[in-house]
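Colleague: Structure, please.
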Amino acid sequence: MKKYLIVGLGQFGASLARKLTNQGNEVIGVDRNMDRIEAIKTTMSHAICLDAIDEYAVKGLPLKQTDIVIVTIGKDQGANIMVTALFKNLKVKRLISRAINNLHEKVLQAIGVDEIVHPEEETAERWAKKLCLDGVVDSFEINKRFSIVETTIPKSFAGKTLRNLDFRTKYNLLVLTKIKERKVEGRLGKEEVVHVQGIATPDMKLELDDILVLYGSNKDIQQFMTIK
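Modeller: Residues are numbered from 1 along each chain as shown. As a prediction, the model looks like this:
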């Protein structure tokens, strides 16, 4: 179980808070709109009405005990940036913030956030999996029981083939493919290039920085994520 602080309880923030709570985590939701607090307070651990731009008020939150702070403020980009900068200055353990457009994203990157959310492109369900399961890069829910996930490989798998690892028998998971990501120089500086390796074969060899695309039940995926 992890402790999350979600700032901004609009549609995306409220949905993410509910899903993280339903997965057994402690979630503190913060918003300056009392109507939003009243609407959602029974669906998470704690819901607090305060203005997150107010440094004095924010310092009263249990930041040292919080694993991840997520700023999901959407409409007011200025408030989003100010709140994100405040949490960065307070040196929270891990800081994630929502970007509205490319310029906003560049400002957040300059502040030094750990990760950026794009709710217009990504669902709360995908982020809940990404946050709760160590090693998950991305995910797509087929239904309530089955998902496709992108995940980093355990260190102990490096140098082995899919035949050696026998995913179907040992882990009850299907490897669809693997992905390689690398940084190259582009017109805008360092750019990420993604190479999908094609349909997985038994002789496909895994390397330390590979990302696997797996299909299986949520239960089996969660079990696999415990492998180091």
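
Colleague: Let me see the ranges of the helices in this structure.
Modeller: Counting by DSSP state H, the chain has helices at residues 11-22, 34-40, 55-58, 77-89, 102-111, 124-132, 162-165, 167-171, 218-224.

Colleague: got the ones you listed as a markdown table, with mean neighbour count columns?
Modeller: The C-beta positions use only the backbone N, C-alpha and C, and glycine is treated the same way. Putting the helices of the chain into a markdown table (neighbours: other CB atoms under 10 Å) gives the following:
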| stretch | mean neighbour count |
| --- | --- |
| helix 11-22 | 21 |
| helix 34-40 | 14 |
| helix 55-58 | 13 |
| helix 77-89 | 18 |
| helix 102-111 | 14 |
| helix 124-132 | 20 |
| helix 162-165 | 16 |
| helix 167-171 | 13 |
| helix 218-224 | 17 |
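
Colleague: These: which one's closest to residue 117?
Modeller: helix 124-132 (6.6 Å; CB to CB).

Colleague: before we move on, the earlier item: dump the helices of the chain into TSV; add distance to residue 177 and mean pLDDT as well.
Modeller: What follows is the helices of the chain, written out as TSV (distance: least, CB to CB, whole Å; pLDDT from 0 to 100):
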stretch	distance to residue 177	mean pLDDT
helix 11-22	27	89
helix 34-40	39	91
helix 55-58	43	93
helix 77-89	35	91
helix 102-111	28	84
helix 124-132	19	65
helix 162-165	11	92
helix 167-171	13	90
helix 218-224	16	85
